[in-house]
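**Student:** Just to be clear, the model below is a prediction. Sequence and coordinates:
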Amino acid sequence: TGAGKFFVGGNWKCNGTTESIKKLVEDLNSAQIEDDVDVVVAPPFLYISQVVGSLTDRIEVSAQNSWVGKGGAFTGEISADQLVDVGVKWVIQGHSERRHVIGESNSTVGKKSAYALSKGLGLIACVGELLEEREAGRTTDVVFEQLQAYADEISDWSKVVIAYEPVWAIGTGKVASPQQAQEVHSAIRSWLSDKISPEVSSATRIIYGGSVNGANSAELAKQEDIDGFLVGGASLKGPEFATICNAVT
Ligand code: PEP
């Protein structure tokens, strides 16, 4: 861990029911989470108000996506303005499932991010390479292109957390080794210093995502440039998620 307060996000993806989310919130409300960590959970849109209304203030709520601009005639979309209205504080953008399953481009991700920041939301800005890109030696090229697309639209980085999530590690049980993650995190830190500013580079949290669990989080958290985690599967289990939140202590 290096920059700022440790940050752990739980991405619930398209999982849960009214009942299962009630139970998960109860587990999170009773979990012992250390003070020196920022904790955020991202429920499906449909359950956001339920979670905002029942979750301890200790944990902030994020959306998993938001529309590129103000609302209007955009069937099926949710605007950042609406997220703010119901008490959401963060939004995830550029998750690999949105890029590679839903087909969002770098430029769309950048525009959505800028709009969300303009409405006061914090941004969890995801980047990460596919397995074939890693095997072709293109990991940093891909990650830097994704970062540049954010930078093209964003001027204030104070509410941005960067999530490095190698696509081959997401939901696969194949976690990046601490060295593999550290190598890319350090490259991202250098990129920020060169392309944005040394101040932004040292202040921006770079979190790792991809098969993080209660058993591997402590080792990853020891790496110099790993400032937290974005957790998918293991964030659906309250006690295990609390273990990950406390990985650094
Ligand atoms: C994610 O979706 O951001 C993620 C890291 O998923 P998992 O932890 O399940 O690999």
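**Tutor:** Looks like it arrived, so ask away. Numbers count the residues shown, from 1 in each chain.

**Student:** rest of the way, CA atoms for contacts and neighbours
**Tutor:** Fine.

**Student:** What is the subsequent helix or strand relative to whichever strand or helix holds residue 52?
**Tutor:** Secondary structure assigned from DSSP states H and E places residue 52 in helix 48-54. Going down the chain from helix 48-54, the next helix or strand is strand 60-63, by DSSP H and E.

**Student:** Could you spell out the sheet neighbours of that next one, each with its direction?
**Tutor:** Strand pairing for strand 60-63, determined by DSSP bridges: strand 37-42 (parallel), strand 90-93 (parallel).

**Student:** Show me what the shortest one is in contact with.
**Tutor:** This points to strand 90-93. By C-alpha atoms under 8 Å, 6 or more residues apart in numbering, the surrounding residues in contact with strand 90-93 are 40, 42, 60-66, 109, 112-113, 116, 121-126.

**Student:** what about 6 Å?
**Tutor:** Contact with strand 90-93 is made by 62-65, 121-125, as judged by C-alpha atoms under 6 Å, 6 or more residues apart in numbering.

**Student:** Next to the ligand, which bits of this protein? Give me the list.
**Tutor:** 11, 169-171, 209-212, 230-233 (C-alpha under 6 Å from any ligand atom).

**Student:** quick check: longest helix of this protein.
**Tutor:** Ranked by residue count under DSSP state H, the longest helix found in the chain is helix 178-195.

**Student:** got the buried residues for it?
**Tutor:** 178, 181-182, 184-192 (16 or more other C-alpha atoms under 10 Å).

**Student:** helix or strand right after that helix?
**Tutor:** helix 198-203.

**Student:** Could you tell me the angle between the helix or strand that that next one is followed by and helix 178-195?
**Tutor:** Sequence-wise, the next helix or strand downstream of helix 198-203 (DSSP H and E) is strand 205-209. In terms of direction (axes from the mean of the first three to the mean of the last three C-alpha atoms, to 10 degrees), strand 205-209 departs from helix 178-195 by 150 degrees.

**Student:** send the alpha carbons of strand 205-209 over as CSV?
**Tutor:** Extracted in CSV, the C-alpha atoms of strand 205-209 (Å, rounded to 0.1, in the frame of the first residue of the first chain):
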residue,chain,number,x,y,z
ARG,A,205,-5.2,5.2,-5.1
ILE,A,206,-4.5,2.3,-7.5
ILE,A,207,-6.5,-0.7,-6.4
TYR,A,208,-6.3,-4.3,-7.7
GLY,A,209,-9.2,-6.4,-8.8
